[in-house]
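>>> let's see this in three dimensions:
(chains A, B, C and D)
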There are 4 protein chains.
Amino acid sequence: MEIPKGTVVCERVESRALKGNLPGDPHVRDLYLYLPPGYEKAPERYPVAWCLSGFTGRGRMLLNDNPWMPGIADRMDALIADGSAKPMILALPDCFTHLGGSQYVNSPALGNYEDHVVQELVPLVDQRYRTLASRDHRGVIGKSSGGYGSLILGMRHPGVFGAVVCHSGDLLFEHCYKRDFGPAIRTIAKKGGVDSFLKAFRTSPKKEHADIGALNILAMAAAYSPNVKAPPPWCDLPFDLTTGELIESVWKLWLTWDPLFMIDRHAEAFRGLRLLFLDCGKDDEFYLELGARAFVKKLRAMGIAHEYEEFEDGHMSISYRMDRSLPKLSHALAR
Amino acid sequence: MEIPKGTVVCERVESRALKGNLPGDPHVRDLYLYLPPGYEKAPERYPVAWCLSGFTGRGRMLLNDNPWMPGIADRMDALIADGSAKPMILALPDCFTHLGGSQYVNSPALGNYEDHVVQELVPLVDQRYRTLASRDHRGVIGKSSGGYGSLILGMRHPGVFGAVVCHSGDLLFEHCYKRDFGPAIRTIAKKGGVDSFLKAFRTSPKKEHADIGALNILAMAAAYSPNVKAPPPWCDLPFDLTTGELIESVWKLWLTWDPLFMIDRHAEAFRGLRLLFLDCGKDDEFYLELGARAFVKKLRAMGIAHEYEEFEDGHMSISYRMDRSLPKLSHALAR
Amino acid sequence: MEIPKGTVVCERVESRALKGNLPGDPHVRDLYLYLPPGYEKAPERYPVAWCLSGFTGRGRMLLNDNPWMPGIADRMDALIADGSAKPMILALPDCFTHLGGSQYVNSPALGNYEDHVVQELVPLVDQRYRTLASRDHRGVIGKSSGGYGSLILGMRHPGVFGAVVCHSGDLLFEHCYKRDFGPAIRTIAKKGGVDSFLKAFRTSPKKEHADIGALNILAMAAAYSPNVKAPPPWCDLPFDLTTGELIESVWKLWLTWDPLFMIDRHAEAFRGLRLLFLDCGKDDEFYLELGARAFVKKLRAMGIAHEYEEFEDGHMSISYRMDRSLPKLSHALAR
Amino acid sequence: MEIPKGTVVCERVESRALKGNLPGDPHVRDLYLYLPPGYEKAPERYPVAWCLSGFTGRGRMLLNDNPWMPGIADRMDALIADGSAKPMILALPDCFTHLGGSQYVNSPALGNYEDHVVQELVPLVDQRYRTLASRDHRGVIGKSSGGYGSLILGMRHPGVFGAVVCHSGDLLFEHCYKRDFGPAIRTIAKKGGVDSFLKAFRTSPKKEHADIGALNILAMAAAYSPNVKAPPPWCDLPFDLTTGELIESVWKLWLTWDPLFMIDRHAEAFRGLRLLFLDCGKDDEFYLELGARAFVKKLRAMGIAHEYEEFEDGHMSISYRMDRSLPKLSHALAR
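Reported below is the predicted structural model:
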């Protein structure tokens, strides 16, 4: 018995926000969209969930096939077919950079990815598709760096997003990033410094696990502590590359981007959400369940409505968790 | 600077070969096809490379996106654009089963996947697409179980395939499978036997590494030693599930499917190939480089032309090796 | 509250059995002995348990201290003090070789270690210490290669040993050794062959895990398939060093030393034992629980009395299992 | 050709410093001593090197046998025999606790281990053995927590120790401990809290790697932030046990014990050393090479003479590094 299938379309977007970005990453980007079954026939308007991919990812990857781990389009089809989710549009932006990601912020070292999503893509989709074009019917969802992006875009743009889902998102930088400083230092040192590390990474046919870990730290620095006067990748590191000693002034910049502390300044934005859903695996390899708990503790103290779930798993291959979140999100965003 | 992009199309095929298969796997299958840039405009005919996916995979997965590890369509686009490969069609069949794969054989325990590919899909593609419809312009390529499939389909159907590429293919079963018997026994025992293992596997939202290893052994048994009188999954295991002792009569059945010994019976088929390319990583996690060497030793002794490369890597995430093979294959299959 | 402590003494033995051994390993060996508390004062005679160390070990290592994992002398003190074990002497021979072990066999490639223990050390201890000098009061116990040694010395010398304890012993070579052939081939190849591998191993300040695994296979070959005409280490390998293909004639020699098959020829020896105790961890890294089960199945079929336990652990750091075996052994050997 | 062997003796010491310690650990301790070859005959006096074991260790363990990794007595014999080291006495104290170690400090939560070594054992050895009983001929050496102990005892007791050797010692707590907070929280949570974790640990026949990591953090808290009013193990943790958030007031207490900052207050002590030798592996699993570099950078800035070596290895099984340090130390301490 076949289930009705939605349609995947691709919008090629020439981004003004990204044009002329310092690292020279492409400013023409493919925005993939999932249109629910029936979209073509119906005159109906639909809510939109903006789906942010994690570090090393981009929207198109969310559609990747695996017989035991369906892509987001197949997953949404199944959730709609079995009645657990209501039809909605999924928008899958591409915020990939030469460092593997952008954290969905505007950074002089990377480009204006926050603007790209919020100011360019959101209006574009509302214009070209039959959306319910208001914050009440627009949500943001993601995992890992995508969960991080959901939190900060939700905080910073309460007029744009009315619901936020954060799966295993970057929180409590003290734990989730610091533990990778040592490995990053070692990996970079073995390649002879940041510059030759990046060159070797770029030309290698295969990206090794340790290298991606080191790249992640560089990407975070480019997002949180950019410095256009520094040599590429135009950022300050929060540690000494030889001794590992913390450089407090830079680390403090990072902390201003930790959602755990941002919420102090953006509590109002989160009070008005139709849905705030967070989860994390109890064995998350980046110990993100600690940050999730710390964040949830604050939400509780602030009286901000939310749902939180911890599950028995780690950080990887947990897209099945969207079987929990997509239905909730679709109901929260429905008319 | 944009490179010309081919087109990916999907043929939904109702397979007679797979209809009524014992495990009840779908007999309607999606065959994905890559048509090279220019296909639509030109009256030209193209060679076809049949691309067989590995265990746990299906054709559509070969198209999966990853910014640092392009899918086969993007890869082919790039290889054609830089002049290293000639345009050809890629055909990506789906031979996935409830056990994760079929080894591309006809098995009463799984279904007739060899027939599906060779007797159904090959003619269908030649009929519906502008192919060069002869064995000289038709090749078969794959990695791991897909490399295995390439070898045996090449051996068994010399009139169909004129070129064979085997990346890290299953060879020398003595090494590549036996070392997983112990882990499989343990994994299955912990789930309470084959039946409850399979049930647990099916219902688990996440497929664990050890479980996939055990499933692999069951899939091989269903392919090499099927027994329709045995309970599901309808096969004999080559070992005692408690003591691990080898059951020689079953093991001998497996060995009749080891390409290392099949070549003795099919040498003639391989003498006429326009290309026989094999490779393997020196650190292959399944020790497949041993089988590759043993096979190549035989080829040499038999005077069968071939190319063989060993590279510095393991078994996983090595699709970049197709940058070596696809150009060779495209030239071998060209008019 | 202090517990009475036994005495550890050391006998330096000039071995005729080992003199002139081919690899030039020392023929002067230290035999460590544990004499139970009270030995000095009492006129009493004691049973003797011969304790065989595993691969890479020697008797003295069994005395090694660890606050959470007592050496065998401290362990025996505690077992006697709490009443679970009866006093007995422990004899800890040194059968270490340049390849890490001897499997307690006579081999032209290694030396006559079986003779060293059975013909030299046993009489020496009976002569110099107040032992109960008969097979009924003499047992043999060990773990891993030491468990293997216990089984084969027990089988081959029923007049010498009246009780046998085998912890996680080498059994069912099909599983426990074969799975290391691939890794051994790779490790040896990376060092440029057996000879240069051995030289590098000898001179390296640190012995890596993979190297010890490869050395283990060489040691087994020196024990099971010695060949004095071959270059050092004077043995035939049961596989091709390049392709991994099994060399059946050599492998058959190995199998004649597999206790699983030796028991067919030595069943009578085991019928008369006062204790035959075996155990193995369910997660043994060498899958030795499979061999243990296969062996126990045979014992049952042959009607040979025995005890068998499986426990929830692997192969390493399981000396606590002697809290089970030493009491049993001490009672079985007591007058 | 035999090499002259020193003698190992054991002094059972009833410690007033440890008597009545809060956790009830034994106050009678075995101090093992290595007396160099010739000690018995000669009227000579010898320097003394105080050898501090790492976390989970005690003096006796340093004597453990391994054919490929000699105990410290055998190692010293060999170094003296080949002329690289001068004869000296080695003193191996036992500062083990119920938490696996004491960091060689006085702590109300553990006992007065600093006093035990410096005020009890040092005079005792000088009294009972023919030592060169002055700071110029007395050194302290250790690895990991033992290297830490060497640094702090050296700093705090310049009148007692005239030479300091620190192998892979705890330094730059920001890296070496913080990265274990997350795993410790998780491990303790899974056991249901600190109290039940400790109970389970105590009764388990086998101490798992993750458990020892968590215990290590508790031991550090008992050493650096003891609190006798807290429930056992009588200390404050520098993090919230649920959310992982840093508790700055406690963490600051820890930092007062970081040798990297202690050196600011104890520079004078280190100026007068006859030897200050540090090393660390470039792949240290605790990233201690970072702390070593930071410390060495400070030494250089302060103009304190020292030697520093980085080697190609990790943290484990590196006792061969004493082949570098023991000779240097023996010369520095010689008359």
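
>>> okay, the residue nearest the centre of chain A and chain B: tell me how far apart.
With distances taken as CA atoms, centre = their mean, A:G146 lies nearest the centre of chain A, 1.5 Å away. In this view, A:G146 and chain B are 15 Å apart by CB to the nearest CB, to the nearest Å. All C-beta atoms are positioned from the backbone trio N, CA, C, and that covers glycine.

>>> ok now the host helix or strand of that residue, how far from the chain's centre?
Taking DSSP states H and E as the criterion, A:G146 maps to helix A:145-156. With CA atoms, centre = their mean, to the nearest Å as the basis, helix A:145-156 stands 7 Å off its chain's centre.

>>> who touches whichever helix or strand comes after that helix?
Per DSSP H and E, the first helix or strand lying C-terminal to helix A:145-156 is strand A:163-167. When contacts are defined by CB atoms under 8 Å, 6 or more residues apart in numbering or on different chains, strand A:163-167 is touched by residues A:138-144, A:146-148, A:150-151, A:154, A:270, A:273-280, A:318, A:321-322, A:325, A:328-329, A:332-333.

>>> buried members of the residues you listed into ChimeraX, please.
Selecting only the buried entries of the contacts of strand A:163-167 in ChimeraX, with 16 or more other CB atoms under 10 Å in any protein chain shown as the criterion:
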select /A:138,139,140,141,142,143,144,146,147,148,150,151,154,270,273,274,275,276,277,278,279,280,318,321,322,325,328,329,332,333
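
>>> now, the contacts of strand A:163-167 that are in strands?
A:138-143, A:275-280 (DSSP state E).

>>> which residue packs closest to the residue nearest to the centre of chain A, ignoring adjacent ones?
A:L52 (3.6 Å; CB to CB, 6 or more residues apart in numbering or on different chains).

>>> so who does that neighbour touch?
Contact partners of A:L52, counting by CB under 8 Å, 6+ apart, are A:93, A:95, A:104, A:117, A:140-142, A:145-147, A:149-150, A:153.

>>> rerun at 6 Å
Residues in contact with A:L52 (CB atoms under 6 Å, 6 or more residues apart in numbering or on different chains) are A:142, A:146, A:149-150.

>>> export those residues as a markdown table, with columns for pLDDT.
Converted to a markdown table, the contacts of A:L52 look like this (pLDDT from 0 to 100):
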| residue | pLDDT |
| --- | --- |
| A:G142 | 98 |
| A:G146 | 98 |
| A:G149 | 98 |
| A:S150 | 98 |
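
>>> now the two most distant members of these.
A:G146 and A:S150 (6.6 Å; CB to CB).

>>> what ranges do the strands span in the stretch 1-150 of chain A?
A:7-14, A:28-35, A:48-52, A:89-92, A:106-107, A:111-112, A:138-143 (DSSP state E, counting those that start in this stretch).

>>> buried ones in the fourth one?
Taking 16+ other CB under 10 Å as the basis for neighbour counts, the residues of strand A:89-92 that come out buried are A:89-92.

>>> what packs against it?
strand A:28-35, strand A:48-52 (3 or more CB pairs under 6 Å, 6 or more residues apart in numbering or on different chains; DSSP states H and E).

>>> what strands line up against it, and which way round?
Paired strands of strand A:89-92, with direction, are strand A:28-35 (antiparallel), strand A:48-52 (parallel) (DSSP bridges).

>>> would you mind finding the most buried of those strands?
strand A:48-52 (a mean of 27; mean count of other CB atoms under 10 Å in any protein chain shown).

>>> report the angle between that one and helix A:145-156.
In terms of direction (axes from the mean of the first three to the mean of the last three CA atoms, to 10 degrees), strand A:48-52 departs from helix A:145-156 by 130 degrees.

>>> so how far is strand A:48-52 from its chain's centroid?
Relative to its chain's centre, strand A:48-52 lies at 10 Å (CA atoms, centre = their mean).

>>> then stretch A:203-223?
With CA atoms, centre = their mean, you get 17 Å for stretch A:203-223.

>>> do it and chain D meet at all?
No - against chain D, stretch A:203-223 shows no contacts by CB under 6 Å from any CB of the partner chain, the least distance being 11.3 Å.

>>> number of residues surrounding the nearest residue in space to A:P231 that is not next to it in sequence?
Of all residues not flanking A:P231 in the chain, A:D195 sits nearest, at 6.9 Å (CB to CB, 6+ apart). When neighbours are counted by other CB atoms under 10 Å in any protein chain shown, A:D195 registers 13.

>>> A:D195 - that's part of a strand, no?
No - applying DSSP: H, G, I helix; E, B strand; the rest coil, one finds A:D195 to be helix, outside a strand.

>>> give the buried residues for stretch A:207-225.
Buried, per 16+ other CB under 10 Å, within stretch A:207-225: A:207, A:211-212, A:214-225.

>>> helices - which of the residues you listed land there?
A:211-212, A:214-224 (DSSP state H).

>>> check the ones in strands among the contacts of strand A:163-167 and tell me the two furthest apart.
That would be A:R138 and A:C280, which, of the ones in strands among the contacts of strand A:163-167, are the farthest apart (CB to CB) at 24.3 Å.

>>> one step back: which one of the strands of the stretch 1-150 of chain A lies nearest to B:I263?
Here strand A:7-14 is closest among these (CB to CB), at 43.4 Å.

>>> near chain B, which residues of chain A show up?
Counting by CB under 6 Å from any CB, the residues of chain A near chain B are A:58, A:60-61, A:64-65, A:67-68, A:96, A:205-207, A:317, A:320.

>>> 8 Å instead, please
Residues of chain A found near chain B (CB under 8 Å from any CB of the partner chain) are A:56-58, A:60-61, A:63-69, A:96, A:100, A:205-207, A:313, A:317-318, A:320, A:323.

>>> the residue in the stretch 101-250 of chain A positioned nearest to chain B: what secondary structure?
Of all residues in the stretch 101-250 of chain A, the one sitting closest to chain B is A:P205 (3.9 Å; CB to the nearest CB). Under three-state DSSP, A:P205 falls in the coil class.

>>> quick revisit: quick one: buried ones out of the residues of chain A next to chain B?
The neighbour count (16+ other CB under 10 Å) marks A:56-58, A:60-61, A:63-69, A:96, A:100, A:206-207, A:313, A:318, A:320, A:323 as buried among the residues of chain A next to chain B.

>>> narrow those residues to those in helices?
Per DSSP H, those map to helices at A:D323.

>>> for A:C166, see how far away A:F173 is.
Using CB to CB, to the nearest Å, A:F173 is found at 15 Å from A:C166.
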